[in-house]
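Novice: Structure here, sequence nowhere to be found:
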């Protein structure tokens with residue numbers, strides 16, 4: 001079973017712990033490529049570097065092809081042999097998780113922006129409807145006022161003025 005998914009072309013770090021935390025050992029890591037073959041030219045054995053007096057040894061390798069890579073590490077004489085497999089792909093799990101989180105944030109931001117746009121458009125539509133209703137109400141009021149002025153016979157102001165002008169001229173009473 002592979003130890004994780006690692007990205008092609010990126011170094012894979014490996015740490016070996018010697019039995020009884022023995023320091024000063026020579027620990028070698030053998031690398032087998034995705035075909036299961038030990039490629040000594042492209043991937044020669046790596047002598048791991050001791051980490052202080054902890055009995056731990058570290059090394060790394062950088063795979064150059066997609067597939068399952070295997071390493072085998074052991075101290076001199078083959079004591080304490082460890083075998084690990086690494087699944088190498090064109091991505092790693094961490095970058096996929098980061099991309100998914102980013103996509104989720106983008107989707108959330110897009111939803112918020114969409115909701116904001118919809119709310120804004122709804123407000124504009126509502127405001128437009130209210131303005132239209134106010135305009136219709138104002139026009140109805142004007143028509144009612146004009147009707148009140150004209151009376152039931154729909155006379156215009158000119159007609160009424162002409163009618164007043166045609167009344168007989170009567171002299172006002174004299175006060176004296």
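Specialist: Thanks, I have it. As the structure is a prediction and not an experimental result, all values here were calculated from the model.

Novice: going forward, measure contacts and count neighbours with C-alpha atoms only.
Specialist: Fine.

Novice: Strands of the chain, start to end?
Specialist: Using DSSP state E, the strands of the chain run over 2-7, 12-17, 27-32, 46-47, 49-51, 56-61, 67-75, 79-89.

Novice: wait, what's in contact with residue 41?
Specialist: If you count contacts by C-alpha atoms under 8 Å, 6 or more residues apart in numbering, residue 41 has none.

Novice: Just the buried positions in stretch 74-84, please.
Specialist: Buried residues in stretch 74-84, counted by 16 or more other C-alpha atoms under 10 Å: 74, 75, 81.

Novice: Make a markdown table out of those residues and add distance to residue 40 and pLDDT.
Specialist: Listed next are the buried residues of stretch 74-84 as a markdown table, based on distance: C-alpha to C-alpha, whole Å; pLDDT from 0 to 100:
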| residue | distance to residue 40 | pLDDT |
| --- | --- | --- |
| 74 | 17 | 93 |
| 75 | 19 | 91 |
| 81 | 19 | 89 |
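
Novice: Save these as TSV, and put in distance to residue 54 too.
Specialist: Converted to TSV, the buried residues of stretch 74-84 look like this (distance: C-alpha to C-alpha, whole Å):
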residue	distance to residue 54
74	16
75	15
81	18
